[in-house]
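Student: Build me a model:
(one chain, ligands or ions: 1)
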Amino acid sequence: MRIVALAGGIGGARFLRGLREAIGPEDEITVIGNTGDDIHLYGLKVCPDLDTVMYTLGGGIHEEQGWGRADETWSIKAEMKEYGVGPEWFGLGDRDFATHLVRSQMLTAGYTLSQVTEALCVRWKPGVRLLPMSDDRVETHVRITDGDGTRAVHFQEYWVRLHAAVDAEAIIPVGADTAKPAPGVLEALAAADVILFPPSNPVVSIGTILAVPGIRAAVAAASAPVVGLSPIIGGAPVRGMADKVLVAVGVEATAEAVALDYGSELLDGWLVDTADEAAVAAVEAGGIACRAVPLLMTDVATTAEMARAALALAEQVRG
Ligand code: FO1
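Tutor: Take a look at the predicted model:
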């Protein structure tokens, strides 16, 4: 079975680890990764969501953080501080720097982000095909108003330096309107037997992937059933601050609101946590099949159960 998953960062990567556990040897997973979180620092291109998927599935992730490398050291960061070169608020470790050096060197040599990602995965062997959503530069910026007035800040500054302290007024995936899907993305969606929306941030992760012209339409037109898993449990995001960006798009931080925002033209099925059993009727009323199952990804085995539930729902809704 050919499975395609649109994935963001930490939640998406953890889900994929369970999905990989849940499938058989004849199944294959293609991940379309969000690149809107990308940031250029010290002349290097950093791809947080692609790296989180690669490290998590490749066994190099810092498990508690969900980002960056395990057993990290911070000598380069300390030296940059001594030179007064920032930003201090974004933690790039020495091991992680190697990824960004290899990526940036290859991009400078003329390779595409897809080719770079494929090359990095030769080392990490994530057990999935990891495609960036686009080879073109897309960077999510956030419009906010705080003590410094109204302005747009890079998503990473909003997320990491400002800790999403103020609600986002608007989310702008800069460059998305002229970006093209990366090679293989549309083909994978057309050939998929199942398409999954993991519990990633529906606005800045999956929403950004869908903002690349052609991808939303390809998902909507796909013959494969599309099943999503709610990133919101009991009215709050499981991790991260999805509610802060949901405000920007006028979507309530509830399991049913996120499903209805994706809409039945995209989603055929939606999993909510057992805590949100009451949401099932509203989602089904929106034309989306809905089941309530445990959605807390406490460990790989539990996550594999979630993935099996998503694949089972896909079979039930397969037209
Ligand atoms: N998140 C933080 O909260 N603090 C950091 O200092 C930080 C550094 C960092 C470096 C590389 C990387 O790939 C991710 C990093 N993240 C950090 C996480 C990142 O902000 C998020 O993983 C995604 O952008 C959101 O999914």
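Student: which strands and helices sit next to the biggest helix by length in the chain?
Tutor: Counting by DSSP state H, the longest helix found in the chain is helix 300-317. Using 3 or more Cβ pairs under 8 Å, 6 or more residues apart in numbering; DSSP states H and E, the elements in contact with helix 300-317 are helix 10-22, strand 194-197, strand 226-229, strand 269-272, strand 289-292. Backbone N, C-alpha and C define where each C-beta goes, glycine included.
Student: any weak-confidence spans in the stretch 1-150 of the chain?
Tutor: Counting by pLDDT under 70, the stretch 1-150 of the chain contains no low-confidence segment.
Student: Enumerate the residues of it near the ligand.
Tutor: 8-10, 37, 46, 48-49, 51-52, 67-68, 90-92, 96 (Cβ under 6 Å from any ligand atom).
Student: go again using 8 Å as the cut-off
Tutor: Selection of the stretch 1-150 of the chain residues close to the ligand by Cβ under 8 Å from any ligand atom yields 8-10, 34, 37, 46-49, 51-52, 65-68, 89-93, 96.
Student: Of these, which belong to helices?
Tutor: Using DSSP H, the members of these that fall in helices are Ile10, Pro48, Asp49, Asp51, Thr52, Asp96.
Student: Glu256: which of those is nearest?
Tutor: The shortest approach to Glu256 among these belongs to Ile10, at 23.2 Å (Cβ to Cβ).
Student: residues contacting the closest one?
Tutor: Neighbour list for Ile10: Thr52, Thr56, Gly66, Trp67, Arg239, Gly240 [criterion: Cβ atoms under 8 Å, 6 or more residues apart in numbering].
Student: about what we covered before: could you export the longest helix of the chain as CSV, CA atoms only?
Tutor: The C-alpha trace of helix 300-317 is given here as CSV (Å, rounded to 0.1, in the frame of the first residue of the first chain):
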residue,chain,number,x,y,z
VAL,A,300,5.7,4.2,19.7
ALA,A,301,3.3,1.3,20.3
THR,A,302,0.5,3.6,21.3
THR,A,303,1.2,5.7,18.2
ALA,A,304,1.2,2.6,16.0
GLU,A,305,-2.3,1.9,17.3
MET,A,306,-3.4,5.4,16.3
ALA,A,307,-1.9,4.8,12.9
ARG,A,308,-3.8,1.5,12.6
ALA,A,309,-7.0,3.3,13.5
ALA,A,310,-6.4,5.9,10.8
LEU,A,311,-5.7,3.2,8.2
ALA,A,312,-8.8,1.3,9.3
LEU,A,313,-10.9,4.4,8.9
ALA,A,314,-9.4,5.0,5.5
GLU,A,315,-10.6,1.5,4.4
GLN,A,316,-14.1,2.2,5.8
VAL,A,317,-14.5,5.4,3.9
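Student: Please tell me how far that helix is from the chain's geometric centre.
Tutor: In terms of Cα atoms, centre = their mean, to the nearest Å, the centre of helix 300-317 is set 18 Å apart from its chain centre.
Student: likewise stretch 120-140?
Tutor: Between the centre of stretch 120-140 and the centre of its chain there are 11 Å (Cα atoms, centre = their mean).
Student: Please apply the same query to stretch 191-209.
Tutor: How far stretch 191-209 lies from its chain's middle: 7 Å, per Cα atoms, centre = their mean.
Student: Now Val283: closest residue in space, sequence neighbours ignored.
Tutor: Nearest residue to Val283, sequence neighbours excluded (Cβ to Cβ, 6 or more residues apart in numbering): Cys290, at 3.8 Å.
Student: no no, Asp27
Tutor: Met1 (4.6 Å).
Student: How about Ala211?
Tutor: Nearest residue to Ala211, sequence neighbours excluded (Cβ to Cβ, 6+ apart): Ala176, at 4.2 Å.
Student: in stretch 2-13, what's buried?
Tutor: Neighbour counts over stretch 2-13 (16 or more other Cβ atoms under 10 Å) mark Ile3, Val4, Ala5, Leu6, Ala7, Gly8, Gly9, Ile10, Gly11, Gly12, Ala13 as buried.
Student: cool, and stretch 166-173?
Tutor: Neighbour counts over stretch 166-173 (16+ other Cβ under 10 Å) mark Ala168, Ile171, Ile172, Pro173 as buried.
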